[in-house]
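Asks: take a look and give me a structure for this.
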Amino acid sequence: MVKKIMTGNIAAAWGAKLSRAEVIAAYPITPQTIIVEKLAKFISDGELNAEYLRVESEHSAMAACIAASQTGARTFTATSSQGFALMHELLHWATGARTPIVMANVNRALAPPWNIWADHTDMMSQRDTGWIQIYAESNQEVLDTIIMSYKLCEDKKIQLPAMIGLDAFYLSHTSEIVDIPPQGEVDNFLPPYEALYPLDVENPLSVGSLSMPNQWYSEFRYKIYKSMKEVIPKLNKIEKEFNKQFDRDYSGSLDLYMAEDAEIIFIVAGTVAGTVKQTVDELRAKGIKVGVIRLRIFRPFPAEEFKKALKNSLFIGVLDRSFSFGHEGQIYSELKASLYNSGINPLIKNYIVGIGGRDITIETIKLIFEDCEK
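Replies: Coordinates of the predicted model:
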């Protein structure tokens, strides 16, 4: 493997390149633009054999990826915030059409007021579109997760799209050492995409036709649900294969840190995990039984995994970097629902932190811990 210092945006571009994406359609938006600029350079330099489609909006970018995927091409796009919101209609279509598109989303706050910094509202707003949702903590995880996501999404039992979230600026514009796996080894791990029902002028078929209420619409939705149930077990298997091939171990849907005997557990997603882990280390040095669980996969929500991980906890503090107005944070809502009637009844409280890119410091986490103790 070759080690290079790179930003999260460049790592995302490398992930798509190593996966041999064949069609890339995207529209620039801060702080994502560097991803597609790097991919355009890979193509112009002859390092990636792919079609780059310069479209007029993010809505068109997703439409192009859907069409290309339906012809049997491996597709990739990237977006953020307002542009991501513009895709909303087509996100539902991509799921219903069972297109295994992989997309990087640089998590950024939504306007107004204008804000280009980290916030999970953009992805959380799309949580019911049927896309697999994964949140990365490091640039290495961004690159590796894009490769693994193609293998997951293209599996015959899955056939669903996935979005990989990387926090604006904390990852997108921050550099760290990343291992770039050899192309040959990636090719061995990730075979070429073979569509189940590719569009072919020599063998015409109809896709997305009208379905009357008493016909097949409910059955199609049920099939998406069944495939979602397969995602976590399938990803666990893929991660084991990835570890065997590249010697990098990922933990499935949940990343547990000092959580096995913890009485107080923080639940987080994304880059804030590093700050919380450091805070946990300081509190552990004082003999306090505290731990953290980083949620890697939000969709499908890992309810059974949480039940196992939280069975001995007394108090759970859920740190959401987004807010559902008039209610609460989305991770908090999902976690409460998953524990209902499970026999696991720790005290649980929601903390909304870091929205609009506001720093989440060790001092912030310690204040939250003090509130948990009370």
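
Asks: I figured Asn107 hits Met123, correct?
Replies: Yes - contact criterion CB atoms under 8 Å: Asn107 and Met123 qualify, at 6.0 Å. (Each C-beta comes from the backbone N, C-alpha and C, glycine too.)

Asks: okay, and the common contacts of those two?
Replies: Tyr135, Gly165 (CB atoms under 8 Å, 6 or more residues apart in numbering).

Asks: so the two - more neighbours on which side?
Replies: Comparing Asn107 with Met123 by neighbour count (other CB atoms under 10 Å), the higher total belongs to Asn107, at 33 against 29.

Asks: in contact with that one, which residues?
Replies: 80, 118-120, 122-123, 135, 165-168, 270, 321.

Asks: wait, what's in contact with Gln183?
Replies: With CB under 8 Å, 6+ apart, Gln183 has these contacts: Leu18.

Asks: an error on my part: the question was meant for Lys366.
Replies: Lys366 neighbours (CB under 8 Å, 6+ apart): Thr279, Glu282, Leu283.

Asks: same check on Ile297?
Replies: Taking CB under 8 Å, 6+ apart as the test, what Ile297 contacts is Ile132, Gln133, Ile134, Tyr135, Val231, Ile232, Leu235, Gly252, Ser253.

Asks: what pLDDT does the model give it?
Replies: At Ile297, the model reports a pLDDT of 98.

Asks: state the distance from it to Leu335.
Replies: Applying CB to CB, to the nearest Å, the value for Ile297 to Leu335 is 13 Å.

Asks: shaky segments in the protein?
Replies: By pLDDT under 70, the chain has no low-scoring segment.

Asks: can you tell me the SS state at the residue most central in space within the chain?
Replies: The residue lying closest to the centre of the chain (CA atoms, centre = their mean) is Ile134, at 2.1 Å. Following DSSP: H, G, I helix; E, B strand; the rest coil, we place Ile134 in the strand state.

Asks: just to check, it is in contact with Pro161?
Replies: No - taking contacts as CB under 8 Å, Ile134 lies outside contact range of Pro161: 11.7 Å.

Asks: where do the helices of the stretch 251-374 of the chain begin and end?
Replies: With helices called from DSSP state H, counting those that start in this stretch, the stretch 251-374 of the chain shows them at 272-284, 303-309, 330-339, 362-373.

Asks: in JSON lines: those, plus distance to Ser175.
Replies: Putting the helices of the stretch 251-374 of the chain into JSON lines (distance: least, CB to CB, whole Å) gives the following:
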{"stretch": "helix 272-284", "distance to Ser175": "15"}
{"stretch": "helix 303-309", "distance to Ser175": "32"}
{"stretch": "helix 330-339", "distance to Ser175": "28"}
{"stretch": "helix 362-373", "distance to Ser175": "22"}
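
Asks: out of the ones you listed, nearest to Phe84?
Replies: helix 330-339 (15.5 Å; CB to CB).

Asks: and the closest one, C-alpha only, in PDB?
Replies: Taking Å, rounded to 0.1, in the frame of the first residue of the first chain, the C-alpha atoms of helix 330-339 are listed here in PDB:
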ATOM      1  CA  GLN A 330     -33.100  12.000  15.100                       C
ATOM      2  CA  ILE A 331     -30.600   9.500  16.600                       C
ATOM      3  CA  TYR A 332     -32.300  10.100  20.000                       C
ATOM      4  CA  SER A 333     -35.800   9.400  18.500                       C
ATOM      5  CA  GLU A 334     -34.600   6.200  16.800                       C
ATOM      6  CA  LEU A 335     -32.700   4.900  19.800                       C
ATOM      7  CA  LYS A 336     -35.700   5.400  22.100                       C
ATOM      8  CA  ALA A 337     -38.000   3.600  19.700                       C
ATOM      9  CA  SER A 338     -35.600   0.700  19.400                       C
ATOM     10  CA  LEU A 339     -35.300   0.200  23.100                       C
END
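
Asks: what helices and strands are in contact with it?
Replies: strand 297-299, helix 303-309, strand 315-320, strand 347-352 (3 or more CB pairs under 8 Å, 6 or more residues apart in numbering; DSSP states H and E).

Asks: return the list of helices and strands in contact with the longest one.
Replies: Helices and strands touching helix 303-309, as assessed by 3+ CB pairs under 8 Å, 6+ apart, comprise strand 254-257, helix 330-339.

Asks: output those as TSV; include the columns mean neighbour count.
Replies: Output for these, formatted as TSV (neighbours: other CB atoms under 10 Å):
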stretch	mean neighbour count
strand 254-257	18
helix 330-339	19
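
Asks: what's the closest of those to Ala61?
Replies: helix 330-339 (25.1 Å).

Asks: what's that closest one in contact with?
Replies: Contacts to helix 330-339, defined as CB under 8 Å, 6+ apart, come from residues 124, 127, 267, 269, 295, 298, 301, 303, 306-307, 310, 316, 318, 320, 322, 324, 327, 345-346, 348, 350.
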